[in-house]
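**Student:** I would like the atomic coordinates for the input below:
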Amino acid sequence: DYEDTYTPAFRAAIVEGKADSIMCAYNAVRGDPACVSPLLYGTLRKSWGFAGYAVSDCGAIDDIMFGHAYVSIFEQAVALAIKAGTDLTCGSEYRVVPEAVRNRLLSVEDVDLAVTRLFTARMRLGMFDPAASVPWSKLTLADNDTAASREAALQSARESIVLLKNEADTLPLKPGVRNIAVIGPSADSKDLLFGNYNGTPSRSVTILEGIRRRFASARIVYEKGSPF
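**Tutor:** Numbers count the residues shown, from 1 in each chain. Have a look, this model is predicted:
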């Protein structure tokens, strides 16, 4: 069920976590591309009280026309996205906003609402204030990759692990385990750890490396299993 399965995590981020921005995806939801979905207003803003700004995933506005074939005119894709509440695009698609307004696909009021949300966020971040009065301006490289931030990242990773099945409490593996088989290309991939839209960590440990360190006296057998 949609409400029970898909929305709880997002609702928690918006209602409980007070997130001020959200990104709409490439896929369609109930037949509508995510960045023109009624959910952006109905669920996100009306039901959950979201007052921040929404941004598209990179190229998702292009996808409305060229991927989903949802519209036949590109300016219409842009207009529908802005009207739905996608205030910002990760890309250059909104360059046609003036043309969409001239062709009456989009009103000046629609554009003003999106711009107001965006500039509200920038003002709250202190982007128009003197640097001396903005706490973020005082951060340096020394504030990055600290012991506290590494501990927080580790705790986040631990709490995000999901097990589909753990029969007989097999996991976590007991200290005295003697033989372990590790199978799959992801186990020895640092790229998997980084994903994309990522920075470069000061150090990283793959799944295979971690198991070898934790069970140094055990026999570890690794097989890639598949190319991807």
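**Student:** check which helix or strand Cys58 maps to.
**Tutor:** Under DSSP states H and E, no helix or strand contains Cys58.
**Student:** state the distance from Arg117 to Ser21.
**Tutor:** Computed as Cβ to Cβ, to the nearest Å, the Arg117 to Ser21 distance reads 9 Å. Every residue, glycine included, has its C-beta placed from N, CA and C.
**Student:** now do the shared contacts for those two.
**Tutor:** In terms of Cβ atoms under 8 Å, 6 or more residues apart in numbering, Arg117 and Ser21 are both contacted by the residues Gly52, Tyr53.
**Student:** neighbour-wise, which of those two wins?
**Tutor:** Under the neighbour definition other Cβ atoms under 10 Å, Arg117 and Ser21 were set side by side, and Arg117 has more, 18 against 14.
**Student:** contacting residues for that one?
**Tutor:** The contact partners of Arg117, taken as Cβ under 8 Å, 6+ apart, are Ala51, Gly52, Tyr53, Asp87.
**Student:** for the nearest residue to the second one once chain neighbours are set aside, give me its contacts.
**Tutor:** Which is Gly52. Closest residue to Gly52 apart from its sequence neighbours, by Cβ to Cβ, 6 or more residues apart in numbering: Asp20 at 3.8 Å. Counting by Cβ under 8 Å, 6+ apart, Asp20 touches Ala51, Gly52, Tyr53, Ala121, Arg124.
**Student:** the second one touches Ile22, doesn't it?
**Tutor:** The reference is to Gly52. Yes: A contact is recorded between Gly52 and Ile22 when judged using Cβ atoms under 8 Å, the distance being 7.0 Å.
**Student:** just how off-centre is the lengthiest helix in the chain within its chain?
**Tutor:** Ordering each helix of the chain by length in residues (DSSP state H) puts helix 108-124 first. In this view, helix 108-124 has its centroid 22 Å away from the chain centroid, taken as Cα atoms, centre = their mean, to the nearest Å.
**Student:** can you dump the C-alpha coordinates of the helix or strand just after that helix into CSV?
**Tutor:** If you walk from helix 108-124 toward the C-terminus, the next helix or strand you reach (DSSP H and E) is helix 147-160. This file holds the C-alpha atoms of helix 147-160, laid out as CSV (Å, rounded to 0.1, in the frame of the first residue of the first chain):
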residue,chain,number,x,y,z
ALA,A,147,36.1,12.4,14.9
ALA,A,148,32.6,13.4,15.8
SER,A,149,31.4,13.5,12.2
ARG,A,150,32.9,10.1,11.5
GLU,A,151,31.2,8.6,14.6
ALA,A,152,27.9,10.1,13.4
ALA,A,153,28.4,8.6,9.9
LEU,A,154,29.1,5.2,11.4
GLN,A,155,26.0,5.4,13.6
SER,A,156,23.9,6.4,10.6
ALA,A,157,25.2,3.5,8.6
ARG,A,158,24.5,1.1,11.4
GLU,A,159,20.9,2.3,11.8
SER,A,160,20.2,2.2,8.1
